[in-house]
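Participant: Sequence unavailable; structure follows:
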């Protein structure tokens, strides 16, 4: 049996853990919810990265998925699904993406867009 | 690990149980009750739950040691999933991975000096380990996409808040049980 202090209030170490925990949470919010403008767009089809494109251009992309062709348009710093062969059209309704870390996924057609900032704030693959 | 033995006689099979078995069973029943009760309440955000069943795990850890706490925690995960119909579904895997990482954190944290760290610390560390275990499964298996990282701050915040609340409740429980005995 472990004997702990009978005091009801948090102990010194508890306060330390609470403060460190709070700092960690604030840090997570700052790094993962950054509103830094994005500079690059990464497109994935199934589990393969199809390509990384510069966002500072005006360009139409046509990506092939299992359902057909998805139209993706890049317009000077922002990107959207313009047209998609999927039935629910969630990806199209998501609209323009402009901030680093934002994602739009079209599950039926297995295509995803991910925006990357100047320095990628968080790399979950290597985390 | 428990000392129950199964005796087979010519007429019937009887299971001999020890006092420890009964204790684990009672505490697990309590934890299952809380787990199922919590499952009934709607959550503002899917996946964010207070985890009140963990209060029992912490209480058992303090009063009866780590071995009993591990039994109660894992039996609770298996039995609740059977009751709720989640057994072997993604929900069950999430629950199990969270419980396993929580136990790992508790196993390490129980060696912290008791003068400075109470059950509140254990509760917070277990809560963080719990979401870490769940997010790991979500990222590796259910939604293998970097977009999951968007949810991490919300879950971490919930873990901190509920970790503190559960820890304080557990501390009060332990104190009141000391006063009775």
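Facilitator: Perfect, thanks for sending it. Everything numeric in this text was worked out from a predicted model, so none of it was measured.
Participant: Do stretch B:63-82 and chain A come into contact?
Facilitator: Yes - applying C-beta under 8 Å from any C-beta of the partner chain, one finds that stretch B:63-82 is in contact with chain A at B:63-65. The way it works is simple: take the backbone N, C-alpha and C, and place the C-beta from them, glycine included.
Participant: for the closest residue to chain B within chain A, what are its contacts?
Facilitator: Per C-beta to the nearest C-beta, residue A:13 is where chain A lies closest to chain B, at 3.4 Å. By C-beta atoms under 8 Å, 6 or more residues apart in numbering or on different chains, the contact set of residue A:13 is B:112-113, B:116-118, B:121.
Participant: Where is the longest helix in the chain?
Facilitator: The chain I'm using is chain A. Criterion DSSP state H: the longest helix present in chain A is helix A:12-32.
Participant: Correction: the question concerned chain B.
Facilitator: helix B:152-180.
Participant: Give me the helices and strands touching that one, please.
Facilitator: Secondary-structure packing of helix B:152-180 (3 or more C-beta pairs under 8 Å, 6 or more residues apart in numbering or on different chains; DSSP states H and E): helix A:12-32, helix B:53-64, helix B:119-137.
Participant: In CSV: those, plus mean pLDDT.
Facilitator: Converted to CSV, the helices and strands packed on helix B:152-180 look like this (pLDDT from 0 to 100):
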stretch, mean pLDDT
helix A:12-32, 92
helix B:53-64, 93
helix B:119-137, 94
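Participant: who wins for neighbours among the contacts of residue A:13?
Facilitator: Counting neighbours by other C-beta atoms under 10 Å in any protein chain shown, the top entry in the contacts of residue A:13 is residue B:118, with 28 neighbours.
Participant: what about the closest residue to that residue other than its chain neighbours, neighbour count?
Facilitator: Once flanking residues are discounted, residue B:118 sits nearest to residue A:11: 5.0 Å by C-beta to C-beta, 6 or more residues apart in numbering or on different chains. Look at residue A:11: counted by other C-beta under 10 Å, it has 21 neighbours.
Participant: isn't residue A:11 right up against residue B:113?
Facilitator: No - applying C-beta atoms under 8 Å as the test, residue A:11 and residue B:113 come out as separate, 9.7 Å apart.
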